[in-house]
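K.L.:
Okay, here's the prediction I keep looking at, along with the sequence it came from:
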Amino acid sequence: MAFKSKRKSGKTYDSKSSEPFKISRSKIDLFHECPRCFYLDTRLGIKRPDTYPLTLNLAVDALLKKEFDLHRAKGVAHPTMKAYHIDAIPFQHKNIGTWRELDFGRGGIHFIHPETNLDVYGVVDDVWVTPQKELIVVDYKATAKKTTPTLEGDLGAQYKRQMEVYQWLLRKNGFTVSDTGCFFYVNGKKDAEAFDAKLEFDITILPCIGKTEWIDAILTEIKNALEGEGLPPVGEECQYCQYREEAGKKLREIHAKTKSKKTEGKHQDPLLST
């Protein structure tokens, strides 16, 4: 896997520019996890190493969107929504395609935060609407666990922040948004007798009550980090920074020893080396 030193969006932060600087939902989460990794990315153009793409998850995501779009076109609820007694239908809007399009900052739903001049954006999986015209943010998740998926633990907290940014963005664009979003979880079954060129899934809808009050504050922190001259702190549990620190320490020790040996060799009596 090749290491890439520049951001895919093509730009690092320039304090002299008056143009709004694009900050994705995932970059906000990166700052929450490790301000220093965020700084390396957005100020210096040094990304974390890429992870392998979850292509099977992406396939499930694409198929779910097609399935819900069929019900969106008809203006009717999906059977799973009925099973969970969710009084809503897939939301029809002229920009729904753009909101769901990952296009390196050009797609998604955007809002320019006036206090920081940050162009905050996120790419939603789906949006439902109630009879009261209240929007429900929906995020698809695909997994294959023995147990029923939950929103417990660090990963669940990350998913919750993701949901809250989407809710915040839609509200900033003038929509009435429910505090409760939904994670549409599909869990691959492993107990089938054979593969037979198909996978079967159990479906679970996990409600998530979002709170968005933290977003304005973290955007201010992000802006201060981008404008600051010093390095932001390392995230408490950032394994990337831990690796970098340990690797750097060992490399400096090896370099010091190598340099010391070269220096000793220069002053050594040539007769003693024969």
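P.N.:
It's in. Every value quoted in this text rests on a predicted model; they were computed, and no experiment measured them.
K.L.:
in a helix, that's where Val138 is, yeah?
P.N.:
No. Per DSSP: H, G, I helix; E, B strand; the rest coil, Val138 lies outside any helix segment and is strand.
K.L.:
pLDDT score assigned to it?
P.N.:
Per-residue confidence at Val138 stands at 97 (pLDDT).
K.L.:
in the sheet, who's paired with it?
P.N.:
Asp126, Cys182 (DSSP bridges).
K.L.:
Pull the contacting residues for it.
P.N.:
Counting by Cβ atoms under 8 Å, 6 or more residues apart in numbering, Val138 touches Val124, Asp125, Asp126, Val127, Trp128, Gly181, Cys182, Phe183, Phe184. C-beta coordinates here come from the backbone N, C-alpha and C atoms, glycine included.
K.L.:
go again using 6 Å as the cut-off
P.N.:
Residues counted as contacts of Val138 (Cβ atoms under 6 Å, 6 or more residues apart in numbering) are Asp125, Asp126, Trp128, Cys182, Phe184.
K.L.:
ok, now Phe38?
P.N.:
Taking Cβ under 6 Å, 6+ apart as the test, what Phe38 contacts is Leu30, Phe31.
K.L.:
at 10 Å what do you get?
P.N.:
Shown in contact with Phe38 (Cβ atoms under 10 Å, 6 or more residues apart in numbering): 23, 27-32, 48, 222, 225-226, 232, 235.
K.L.:
swap in Tyr240?
P.N.:
By Cβ under 10 Å, 6+ apart, the contact set of Tyr240 is Glu33, Cys34, Arg36, Cys37, Leu40, Arg48, Pro49, Val234.
K.L.:
same check, this time on Cys34
P.N.:
Neighbouring residues of Cys34 by Cβ under 10 Å, 6+ apart: 40-41, 48, 232-241.
K.L.:
Kindly supply the PyMOL command isolating those of those that are buried.
P.N.:
Buried members of those can be picked out in PyMOL with the line below, counting by 16 or more other Cβ atoms under 10 Å:
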select buried, resi 40+41+232+234+235+238+240+241
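K.L.:
Run a quick neighbour tally on Phe183.
P.N.:
Taking other Cβ atoms under 10 Å as the criterion, the count of residues near Phe183 is 23.
K.L.:
where's Met81 relative to Lys190, distance?
P.N.:
26 Å (Cβ to Cβ, to the nearest Å).
K.L.:
Look at those two and report which has more neighbours.
P.N.:
Comparing Met81 with Lys190 by neighbour count (other Cβ under 10 Å), the higher total belongs to Met81, at 22 against 10.
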